[in-house]
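Trainee: sharing a model that was predicted from the sequence below.
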Amino acid sequence: MKPYGSPTIRHDVAVFDKIFGLPPINLSVICPQGCPTFNPKSSNEVGWSFETTLDVEYSHAMAPGAKIDLVIASTNFGDAINNAEQFALDNHLGVIWSMSFGAPECGFRGDNSQFLQSQRIFSEAVSQGVTLVASAGDSGAQEGCPFPSPLYPSSNPLVLAVGGTHLNVGPNGQYVSETAWNDEEDQFLLEQGVSFPYATGGAPSIFFASPSYQEGLSITPFDCAQSSITSCTVGAPFTPTTRVTSDVSYDAVLDGGVFVYWSAIPTQAGFYIVGGTSAGAPQWSAALAIAYQYSHVAPGLINPYLYQLMGTPAFHDVTQGSNTLRPGQGFLSTPGYDPPTGLGSPNVGYLVIELA
């Protein structure tokens, strides 16, 4: 699901595939309200074209044999996205929906008809065996709000919310460790004298009660709002009464991000290094597509199954870092579940085995 799409998506994926030795993609581009005319002078549309390319290229890279239906919303407004999702539901497009977008819950005020329509669509989709996956956000626990607030749709309990990590690998590409993605805590950036105000999302919901699969989990707040920039306060762990994002996580840091080929503006065509939780949602979606091939688990609401795997080799438990952007509030990564990284990042080989 993507607003606006990208006019060069087929060409860009073909170049990407050739460079990385991938088979040709099985891609359908579907515009229920007509494909929008791309405006290269619109930073909004340029940004979405880039997001579209990221999602498609890395869904394909992770699951090269999967059929990908790219459903394009005519704008990035809620009604257009809802209409695109309704079309996908009515026409049985895909058993996994990857949604690398969202808006903070604190911004939902007044007319809530679009919000309610979205929830109805999600309920129908899950009942028909669709798995919903969404990015948890890139602006820390607060996501621009005066208090911790998750992004919707990732905050919906029917959705698998994907947070971000900073993956550390060895000289031969082997897994070494991970921390919660937070550019303000990135040692490499600090050594360069650079700071970016980006970190993984993850926070308790304002609207949704705690789902049964999160019952009894505790989270640890990390508050810099009343402290100096070098001194923050660790609060006492508590058990939230509402839904909490993230559920899981994936590498999101720019230092070690993914390569995306993009040419929607021909004079700027080339490979770009991309990070953020927008990279995690399509890759988790692709990993689940692989798992479903071999699994007894039917597509649909996957969250309860994944929470049963907490602490198993299916996940790399992330226990360091936070999603606090200073001065502000956030949460620590701790052993077991935590809002910045959820259950952890996937060990896909084991994930397939555990779900089989």
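Mentor: Received, thanks.
Trainee: when you work out contacts or count neighbours from here on, use the C-alpha atoms and nothing else.
Mentor: Noted.
Trainee: so where's the chain uncertain?
Mentor: Within the chain, the segments meeting pLDDT under 70 span 110, 187-192, 194-195, 226-230.
Trainee: now do the helices in it.
Mentor: Taking DSSP state H as the criterion, the chain carries its helices at 9-20, 43-62, 78-90, 113-127, 187-191, 280-294, 303-307, 348-355.
Trainee: tabulate these (TSV), appending mean neighbour count.
Mentor: Listed next are those as TSV, based on neighbours: other CA atoms under 10 Å:
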stretch	mean neighbour count
helix 9-20	17
helix 43-62	21
helix 78-90	19
helix 113-127	16
helix 187-191	12
helix 280-294	23
helix 303-307	16
helix 348-355	17
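Trainee: so which of the ones you listed is nearest Ile30?
Mentor: Minimum separation from Ile30 across the helices of the chain (CA to CA) falls at helix 78-90, 9.1 Å.
Trainee: relative to helix 113-127, how tilted is that closest one?
Mentor: 20 degrees (axes from the mean of the first three to the mean of the last three CA atoms, to 10 degrees).
Trainee: ok so, going back, which one of the helices of the chain lies closest to Thr239?
Mentor: Proximity to Thr239 (CA to CA) singles out helix 303-307 among those, at 16.0 Å.
Trainee: residues in contact with the closest one?
Mentor: Residues outside helix 303-307 that contact it (CA atoms under 8 Å, 6 or more residues apart in numbering) are 158-160, 213-214, 247, 343, 355.
Trainee: in ChimeraX, how would I select just the buried ones from those residues?
Mentor: In ChimeraX, a selection of the buried entries from the contacts of helix 303-307 looks like this (16 or more other CA atoms under 10 Å):
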select :158,159,160,214,247,343,355
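Trainee: coming back round to it: mind putting the helices of the chain into JSON lines with distance to Ala180?
Mentor: Output for the helices of the chain, formatted as JSON lines (distance: least, CA to CA, whole Å):
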{"stretch": "helix 9-20", "distance to Ala180": "28"}
{"stretch": "helix 43-62", "distance to Ala180": "21"}
{"stretch": "helix 78-90", "distance to Ala180": "30"}
{"stretch": "helix 113-127", "distance to Ala180": "29"}
{"stretch": "helix 187-191", "distance to Ala180": "13"}
{"stretch": "helix 280-294", "distance to Ala180": "13"}
{"stretch": "helix 303-307", "distance to Ala180": "19"}
{"stretch": "helix 348-355", "distance to Ala180": "19"}
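Trainee: circling back to that earlier point, just the closest of the contacts of helix 303-307 to Gly328, please.
Mentor: Nearest to Gly328 among the contacts of helix 303-307: Asp247, at 22.1 Å, using CA to CA.
Trainee: quick check: that closest one vs Pro150, distance?
Mentor: Asp247 sits 12 Å away from Pro150, taking CA to CA, to the nearest Å as the criterion.
Trainee: go on, Lys2?
Mentor: Taking CA to CA, one finds Lys2 at 20 Å from Pro150.
Trainee: still on that earlier bit, could you list which of the contacts of helix 303-307 belong to strands?
Mentor: Among these, the residues falling in strands (DSSP state E) are 159-160.
Trainee: still on that earlier bit, so Lys2 and Pro150 - more neighbours on which side?
Mentor: Neighbours per residue (other CA atoms under 10 Å) separate Lys2 from Pro150, with Pro150 holding more: 34 against 26.
Trainee: Tyr272: which of the helices of the chain is closest?
Mentor: helix 43-62 (9.8 Å).
Trainee: list the contacts of the closest one.
Mentor: Contact with helix 43-62 is made by 2-7, 9, 12-13, 16, 22, 25, 38-40, 66, 68, 70, 100, 260-262, 264, 278-279, 282-283, 285-287, as judged by CA under 8 Å, 6+ apart.
Trainee: just the ones in strands from those, please.
Mentor: Among the contacts of helix 43-62, DSSP E puts 2-3, 68, 70, 260-262 in strands.
Trainee: okay, these in JSON lines with distance to Gly170 next?
Mentor: Below are those laid out as JSON lines (distance: CA to CA, whole Å):
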{"residue": "Lys2", "distance to Gly170": "35"}
{"residue": "Pro3", "distance to Gly170": "37"}
{"residue": "Ile68", "distance to Gly170": "32"}
{"residue": "Leu70", "distance to Gly170": "35"}
{"residue": "Val260", "distance to Gly170": "23"}
{"residue": "Tyr261", "distance to Gly170": "25"}
{"residue": "Trp262", "distance to Gly170": "29"}
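Trainee: from what I can see His166 touches Val176, true?
Mentor: No: His166 lies out of contact with Val176 (CA atoms under 8 Å); the separation is 10.9 Å.
Trainee: higher neighbour count, these two?
Mentor: Per other CA under 10 Å, whichever of His166 and Val176 has more neighbours is His166, with 26 against 10.
Trainee: which residues touch the more buried one?
Mentor: Residues in contact with His166, defined by CA under 8 Å, 6+ apart, are 178-182, 251-253.
Trainee: all the strands of the stretch 151-300 of the chain, in order from the start?
Mentor: Using DSSP state E, counting those that start in this stretch, the strands assigned to the stretch 151-300 of the chain run over residues 151-152, 159-169, 175-180, 204-209, 221-223, 233-234, 242-244, 248-251, 258-262, 270-274.
Trainee: out of the ones you listed, which one sits most buried?
Mentor: Ranked by mean neighbour count, these are led by strand 248-251 with a mean of 30 (mean count of other CA atoms under 10 Å).
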